[in-house]
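# Give me a 3D structure for the following:
(one chain, ligands or ions: 1)
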Amino acid sequence: MKVCGNPVINYRVMHTDDYARSVALWRECDGLGLRDSDSPAGIARYLARNPGLSFVAEREDRIVGTIMAGHDGRRGYILHLAVAAGERRGGVASRLVERCLAALAGEGIDKTHVHVIGDNCVGREFWLARGFHHRGEIELYSFVNGDNPDV
Ligand SMILES: CC(C)(COP(=O)(O)OP(=O)(O)OC[C@H]1O[C@@H](n2cnc3c(N)ncnc32)[C@H](O)[C@@H]1OP(=O)(O)O)[C@@H](O)C(=O)NCCC(=O)NCCS
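Below you'll find the predicted structure:
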């Protein structure tokens, strides 16, 4: 659908077929840490384990925004929120977050976390603006099973 010559943005659930266009967007974005687990198989596994919780924003055939989420039955976790540079400050990310949090709430998840890389000032400002609060009292510790630090 086009409004005033500019095709509208369509928001929908992310599918495995969206991988190539999504990863192309992620690679353009500072502030997103991509790891080996973001391979096509890794993302397909994530989507299969967390159906209906990840979304894309699409303008015609371009993916201009993504958000992924999963939960462990208690807490939700958001990752890979990204909006194409030319589409920012128009509320795309906010709409993706709304859809994601509504889908998590539909599964009974009322508290959701997001990891923000320490120097990602834009990410920090965004999450604060969306009502997330900074958890300065928590440190993150990670264990790597095997020799690959980029897993
Ligand atoms: C962070 C990001 C997803 C925001 O996407 P967006 O579509 O521009 O966000 P929105 O338009 O919904 O912004 C909502 C609010 O967040 C805040 N915000 C967004 N971008 C901001 C910026 N560059 N500086 C300060 N505040 C910002 C503002 O309060 C904004 O409301 P306003 O435009 O009315 O002032 C986008 O900048 C991006 O993809 N960055 C690179 C990837 C990234 O860092 N992802 C987050 C990982 S934690």
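
# Am I right that residue 76 is in contact with residue 70?
Yes: judged on Cβ atoms under 8 Å, residue 76 makes contact with residue 70 at a distance of 7.3 Å. Bear in mind the C-beta positions are built from the backbone N, C-alpha and C, glycine included.

# Those residues of this structure touching the ligand, which are they?
29-32, 81-83, 88-94, 114, 116, 120, 122-123, 125-126, 129 (Cβ under 6 Å from any ligand atom).

# among those residues, which are in helices?
92, 93, 94, 122, 123, 125, 126, 129 (DSSP state H).

# for the host helix or strand of residue 24, packing partners?
Assigning secondary structure by DSSP states H and E places residue 24 in helix 19-28. Helices and strands touching helix 19-28, by 3 or more Cβ pairs under 8 Å, 6 or more residues apart in numbering; DSSP states H and E, are helix 40-49, strand 62-71, strand 76-83.

# Would you mind putting those into a markdown table with mean pLDDT alongside?
Formatted as a markdown table, the helices and strands packed on helix 19-28 follow (pLDDT from 0 to 100):
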| stretch | mean pLDDT |
| --- | --- |
| helix 40-49 | 98 |
| strand 62-71 | 98 |
| strand 76-83 | 98 |
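
# Make a markdown table out of those and add mean neighbour count.
Putting the helices and strands packed on helix 19-28 into a markdown table (neighbours: other Cβ atoms under 10 Å) gives the following:
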| stretch | mean neighbour count |
| --- | --- |
| helix 40-49 | 14 |
| strand 62-71 | 23 |
| strand 76-83 | 22 |
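
# roughly how far apart are the residue nearest in space to the middle of the chain and residue 146?
In the chain, the centroid-proximal residue (Cα atoms, centre = their mean) is residue 67; its distance is 2.5 Å. Residue 67 is 29 Å from residue 146, where distance means Cβ to Cβ, to the nearest Å.
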